[in-house]
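S.K.: Provide a 3D model corresponding to the input given below.
(2 chains)
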Amino acid sequence: MAGHARGPAHEHDAAIAHILRRLTFTVHPDRFEQFADTDPADAIEALLGEDPFEPGWPELGSDDDNSRITQWWLDVMGRGDVGVHEKMVWFWHGHFTSSLDKASAALMMRQHMLIREHALGNFREFLRAMATDGAMLYWLDGAGSTSEAPNQNFAREAMELFTLGRAGQPYTEDDVRAGATAFSGWWVDGDNDDEVKFDPEAGPTRPVELLGATIRSGESAVDDAVDAMCDHPACAPFVAGKIDAFLTGVEPSDERRAALAETFADAGLEIRPLVERIVRDPAFMAARSNRPRSAVEWFVAVQQLLETEIDDYALEGLGQLPFFPPNVAGWPGTGRWVSAGAEFAKAEIALDNAGDTSTLDPADPVADVLRRAGLFDVSDATLATLRQAVGAVEGRRDAATLLHSLVAVSPEFSLA
Amino acid sequence: MPQSFSRRELIKWAGAGAGAAAVGGGVWLVGRDDHSRLADMGGSSLTTAMADGGRANQDTASASSAPSSAPSSAPMADVAAVAPSSDLGGRMLVVVELDGGNDGHSTLVPYGHGEYYDARTRTAVGEADVIHLSDTVGLHKNLSKINRRGVAIVQGLGSPQPDESHFEMLARWWGGDPASSTSFGTGFLGRLADAIGDPAAAAVAVSIGSASHPSMISAKAATLCLNNPDAFDYLIGADPEDVLGTAFQRGYAEFARATQDPVQTRLRAVKGQSLAFARALGLISGEGEGGGGDEDGYPGSSLGQGLRLAAQLLDAQLGVRIVHVPMQEDFDTHDDHSGRHPGLLQSLDDSLDAFLADVDRRGLADRVLVMTTSEFGRTLRDNGSSGLDHGTASAGLLLGPVRAGLYGEFPSLTKLSDDDEPIATVSFDQYYATVAETWFGVPAGDVLHGNVAPLTDIFR
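M.R.: Numbering: from 1, shown residues only, chains lettered A, B, ... in the order given. Now for the predicted structure:
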């Protein structure tokens, strides 16, 4: 291969690869082929226009349920027919967090299906559904909370992390206390298939003031509290900014955040129009390889590259397990994915799992493996390393193993 | 291995908080606004306050012993006192982080204060479970092992501007500013590493058990976060007969070489760091230290294993001076506090005791200081779930060549804040200053904002 071609075909492929990395989890060969002759902007529209992928339920009822649902979800992420909706499901799991640490696999699956239902839907309805979701009630200690001595955890985190954020101090400790009262009275009936119920005697018996709004007593308190949070002026910018950062890899400027908030609010807090606006904006295409892949993104991409199923246990070493956020905030920040500790884990995963790939085109194995990895913006230094490696081993099997494992740990492959 | 990435890159990529806006160029060397520190406390927060004449710690006998039994003033019998090493350059620090907010009042129990029992109808620690340290406070009995070794307890530890968010307070502790989570782009332990570390060391500060930690962010010293220390043998040391493994390691080593490409700079630098540390871990493992069984007394818990590795790293002469070990057990006892908390203390006690024994066997007892941290304490009153919500003042524990006893001032349980919570008497930057200045000889102003005075007399 004489140098690396940077003509229009190459640019096209690089643009498509970027779109697929950001709006799905892998540069899947099926997708790549689908868009072989498609203009990048049209590829974005095609992805936006797709229906959500609807998986069947995983089989539950064994001791292994936690691992089972994790592997099930990772498999869904790796499919060649999932798109924007799927990526947003992953985003929302890191936003409306809950964990297998406190809820059963069955409850986490119910929550997961709720997330799937609302991922591109209406944020207000989403929040309302999450406020009385069984897994969430356990995660943030709402289950069994009574208005006499209400548990503050959900009210606080709902404002701090789910709706308003902290910038500008949009809520006070009085609001946390009022919110705690408003969300009290809900419980999970373990004797009845974990059905979530409201107990009027445990719930709020008097109106309270939350964020300047009056919250009625009784079962409606949770609806009123959700409205109070969603109607607060801090909500749209906070949520819109977070979605923007997820999709573009960059925290928005104040102006951009305000503009996106306006789109979001004008749409009645419908998530789809916001997402559409973000990905159609030139800033999205300009955001190529500007942030590290998160552990799960890297893992799903590596599984696809190495054509094998890797035990999800390996994700622990990488610092990110689906269904196990380390705390309520999920996995904030992108710098955390570039670390010496993760390097150890990646090397282990790559070398242990690269033995089952198909062999490479003997005419140009390096070009072949890079194409499979969806990498089109590769530095000269990395190219030199890969080419050098070809001569280091004998036989096409070993050459394929070596090149695949090196690509998996290359600097380029660690970028989103 | 010095890093060459810019502060702006650090700030850009440092994961500091949930939906946090850009840190915005907080240059840590510049002083901050002067927040009045504990202005209403009056007097003695900075001096050694041995409450009620209590000095040495002793085990208590029975539930019936009256609180007025005067504690002995004799030093502890079981363990020989150790003076701190006079070689400041040889001193080391282990930070044990208690995740979730450790309840200070269940750790250092104010058994002599009626208000304590009034406030905690479901979660109080009974006097029978307390090792009396004074007429009014004592250690939970599940900390008896470290009590026998001698523990310096910093009372009323917290922030002058308390916040009840895990995330906010963790970020403040990790950054080292009790008032703000965003004023530093580096971590407190990272800055300490910058101040004390050998620039050529493979790693000056190590965090065990996580793949990435904000407290480790430094300006120039090499720091490392290690989730699985055993995986080093993928990066180095392949048998030459293993052609594939050797070729992989060679390729990886090339990926670690710096290039002109700015995007790749940090990515490649981190690979270089990994290699250096892999070599160091290889040396430790080669000496047959890895995997000790029951013989060395460490529990099988995450903390136990982490502290064992900490001892090995500190003893391996790699230039590691600071080891951070998140305990990885949940102290966030919003419910069933009495069912959960004693076990957490027991687990802590067992692991710390094994570590201190190990450090002693290695001849390092005079130069290894252990400190506990936790993002906040818990509410004075219990909640409806037999638990405790996020609170303010807690207790810090220092172990090693320390003068056992009580420091700071126990927070008032009657004069409370506007949120009806106890007010911290020792700001955690004072706690940090004690370690930086009195232990390491680093001026507090080099690693913390403003003029922070350390607590005095903690080290022999």
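S.K.: and the stretch 1-150 of chain A, which residues reach chain B?
M.R.: A:Asp141, A:Gly144, A:Ser145, A:Thr146, A:Glu148, A:Ala149, A:Pro150 (C-beta under 8 Å from any C-beta of the partner chain). Using the backbone N, CA and C atoms, a C-beta is placed for each residue, glycine as well.
S.K.: which of these ranks first by neighbour count?
M.R.: When neighbours are taken as other C-beta atoms under 10 Å in any protein chain shown, the top entry among the residues of the stretch 1-150 of chain A next to chain B is A:Ser145 (30 neighbours).
S.K.: nearest residue to that residue other than its sequence neighbours?
M.R.: Using C-beta to C-beta, 6 or more residues apart in numbering or on different chains and skipping the chain neighbours, the partner closest in space to A:Ser145 is A:Asn151 (4.1 Å).
S.K.: same thing with A:Ala14?
M.R.: A:Ala14 sits nearest to A:Phe376 (C-beta to C-beta, 6+ apart), 3.7 Å away.
S.K.: where in the chain is pLDDT low?
M.R.: Using chain A. Residues of chain A meeting the criterion pLDDT under 70: A:1-5.
S.K.: not what I meant, chain B
M.R.: For chain B, the ranges with pLDDT under 70 are B:1-81, B:211-212, B:286-295, B:460.
S.K.: can you pull out the strands in it?
M.R.: Counting by DSSP state E, chain B has strands at residues B:92-97, B:108-109, B:130-132, B:138-140, B:151-158, B:205-208, B:223-226, B:322-326, B:368-373, B:394-399, B:405-407, B:426-427.
S.K.: do the first one and chain A come into contact?
M.R.: No - using C-beta under 8 Å from any C-beta, strand B:92-97 stays clear of chain A, coming no nearer than 12.7 Å.
S.K.: ok, the longest one next?
M.R.: No - Strand B:151-158 lies out of reach of chain A by C-beta under 8 Å from any C-beta, never closer than 16.0 Å.
S.K.: just the CA trace of that strand, in PDB.
M.R.: These are the backbone C-alpha positions of strand B:151-158, laid out as PDB (Å, rounded to 0.1, in the frame of the first residue of the first chain):
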ATOM      1  CA  VAL B 151      -5.100   6.000  66.800                       C
ATOM      2  CA  ALA B 152      -5.200   9.700  66.500                       C
ATOM      3  CA  ILE B 153      -8.800  10.800  66.100                       C
ATOM      4  CA  VAL B 154      -9.600  14.100  64.500                       C
ATOM      5  CA  GLN B 155     -13.000  15.200  65.800                       C
ATOM      6  CA  GLY B 156     -15.600  17.400  64.000                       C
ATOM      7  CA  LEU B 157     -14.000  16.900  60.600                       C
ATOM      8  CA  GLY B 158     -15.900  18.500  57.700                       C
END
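S.K.: how about B:Asp353, nearest residue that isn't a chain neighbour?
M.R.: Here the nearest residue to B:Asp353 in space, its sequence neighbours aside, is B:Lys145; by C-beta to C-beta, 6+ apart that works out to 3.8 Å.
S.K.: count the neighbours of that neighbour for me.
M.R.: Neighbourhood size, B:Lys145 [other C-beta under 10 Å]: 18.
S.K.: surely it touches B:Asp350?
M.R.: Yes - B:Lys145 lies in contact with B:Asp350 (C-beta atoms under 8 Å); the separation is 7.0 Å.
S.K.: and the nearest residue to A:Asp377 once chain neighbours are set aside, what is it in contact with?
M.R.: The shortest distance from A:Asp377 to any non-neighbouring residue, by C-beta to C-beta, 6+ apart, is to A:Ala14 (5.8 Å). Counting by C-beta atoms under 8 Å, 6 or more residues apart in numbering or on different chains, A:Ala14 makes contact with A:Arg288, A:Phe376, A:Asp377.
S.K.: of the residues you listed - the most surrounded one?
M.R.: Top of the contacts of A:Ala14 by neighbour count (other C-beta under 10 Å): A:Phe376, with 23 neighbours.
S.K.: now the helices for chain B?
M.R.: Under the criterion DSSP state H, chain B carries helices at the ranges B:7-13, B:104-107, B:114-119, B:144-149, B:166-175, B:188-196, B:243-255, B:262-286, B:302-315, B:337-361, B:428-433, B:444-447.
S.K.: who's in contact with A:Phe162?
M.R.: A:His95, A:Phe96, A:Leu127, A:Met130, A:Met229.
S.K.: give me phi/psi at the third one?
M.R.: What that stands for is A:Leu127. For A:Leu127, the backbone dihedrals (degrees, to the nearest 10) come out as phi -60, psi -40.
S.K.: surely it meets A:Met229?
M.R.: Yes - the pair formed by A:Leu127 and A:Met229 meets the contact definition of C-beta under 8 Å, at 6.9 Å.
S.K.: near chain B at all, stretch A:345-364?
M.R.: Yes - if you take C-beta under 8 Å from any C-beta as the test, stretch A:345-364 does meet chain B, through A:Ala345, A:Ala347, A:Glu348, A:Leu351.
S.K.: the host helix or strand of the last one packs against which elements?
M.R.: Pointing back at A:Leu351 there. Here A:Leu351, judged by DSSP states H and E, is contained in helix A:340-353. Where contact means 3 or more C-beta pairs under 8 Å, 6 or more residues apart in numbering or on different chains; DSSP states H and E, helix A:340-353 is packed against helix A:295-305, helix A:314-318, helix A:396-408, strand B:223-226, helix B:243-255, helix B:262-286.
S.K.: on that earlier part again, of the residues of the stretch 1-150 of chain A next to chain B, closest to chain B?
M.R.: Ranked by distance to chain B (C-beta to the nearest C-beta), these are led by A:Ala149 at 3.1 Å.
S.K.: I'd assumed B:Gly384 was in contact with the closest one.
M.R.: Yes - if you go by C-beta under 8 Å, A:Ala149 and B:Gly384 touch, sitting 3.1 Å apart.
S.K.: so what's the residue count around whatever residue of the stretch 351-460 of chain B ends up closest to chain A?
M.R.: In the stretch 351-460 of chain B, no residue comes nearer to chain A than B:Gly384, which is 3.1 Å away by C-beta to the nearest C-beta. Other residues within reach of B:Gly384, judged by other C-beta under 10 Å, total 18.
S.K.: which residues touch it?
M.R.: Residues counted as contacts of B:Gly384 (C-beta under 8 Å, 6+ apart) are A:Ser145, A:Thr146, A:Glu148, A:Ala149, A:Pro150, A:Asn151.
S.K.: how about the contacts made by the second one?
M.R.: Taking C-beta under 8 Å, 6+ apart as the criterion, A:Thr146 is in contact with A:Ser184, A:Gly185, A:Ala202, A:Gly203, B:Gly384.
S.K.: what's the farthest-apart pair in those residues?
M.R.: Farthest pair in those (C-beta to C-beta) is A:Gly203 and B:Gly384. Separation: 12.6 Å.
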